[in-house]
Structures are given as structure tokens and as C-alpha cells.
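Student: sequence below, structure please.
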Amino acid sequence: MKTLPQFAPLLLSACMLCASDPWTPMDKARQAALTASLLVDWGQTNGIEAIGSRELNPLLGHHPSSARIAGYFAISILNSYLISDWLPSPYRWVYQAVVLGFQAVVIHHNFKIGLKVQW
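Tutor: Sure, this is the predicted structure:
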């Protein structure tokens, strides 16, 4: 039952597959940047134990396994695409910009505490 919150967004996303507006080139570029930022965050999170720190994301727990990290970020990448695709064009860029801004803050924090991208 503990993992249900982790998979709830995926289940919700499956319900949203019916709606989709065409993507502009800027929508595609923002989504590529969003995916890249999630990949960087994923790589940084992989190295959390190497610096003796703990994860702050409550969905991952303080000391997540590499399998839990991989599952979380794979679902996050898929969900970010599905949500972007589901949103009407006028709102898609807002969602992408907000998530990119949040990811920028997270990546910067991770860098400041010494996390490097590790695979």
C-alpha cells in the first residue's frame, strides 16, 4: 500500500490519453528540456549515498534503493509527457515552465551539496 501514491499519477495519466492538442516546436523543445532536467536529477539522486546525505523527496524515502530511484524517475518522465500532451495548448507551456523551474531549483540545490550525475 505504501507504493500506491507512487503509481497514482501513472494511473491518472492513463485516463488522460484521449485528449491532445498539436504540439508546437516550442512545446517539443520545452518537453525535451524538462526530460533532460529529470534525467540530470535522476543521475544526481543516484549519488546521494556517496556523499552521506539523505533524500528529501518523501515519495523516495530517506535512503532509496537504485531500483526505487529508477522507477520513480521513469514514471516521472512518462507522466510529464502524458500531462503535457493532455493539457490544451494554452496551458501546456505553463505546466512545462513550472516543472522546469522546479527542476532547476532541485538540480542547483543538489549541485551545491556536492551531488554529481552518476549512472
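
Student: helices along the chain, start to end?
Tutor: Along the chain, the segments classed as helices by DSSP state H run 4-15, 25-46, 66-86, 89-112.

Student: could you tell me the least trusted of these?
Tutor: Between those, the one with the least mean pLDDT is helix 4-15; it has a mean of 59.

Student: contacts only, for residue 81.
Tutor: 31, 35 (C-beta atoms under 8 Å, 6 or more residues apart in numbering). Just so you know, the C-beta spots here come from the backbone N, C-alpha and C atoms, and that holds for glycine as well.

Student: related to what we said a few turns ago, now the helices of the chain as JSON lines including distance to residue 55?
Tutor: Listed next are the helices of the chain as JSON lines, based on distance: least, C-beta to C-beta, whole Å:
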{"stretch": "helix 4-15", "distance to residue 55": "13"}
{"stretch": "helix 25-46", "distance to residue 55": "7"}
{"stretch": "helix 66-86", "distance to residue 55": "8"}
{"stretch": "helix 89-112", "distance to residue 55": "10"}
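
Student: nearest to residue 119, out of these?
Tutor: Taking C-beta to C-beta, helix 25-46 is the member of the helices of the chain nearest to residue 119, at 6.0 Å.

Student: the closest residue in space to residue 37 that isn't next to it in sequence - how many residues pack around it?
Tutor: Once flanking residues are discounted, residue 37 sits nearest to residue 103: 3.8 Å by C-beta to C-beta, 6 or more residues apart in numbering. Neighbour count for residue 103, taken as other C-beta atoms under 10 Å: 19.
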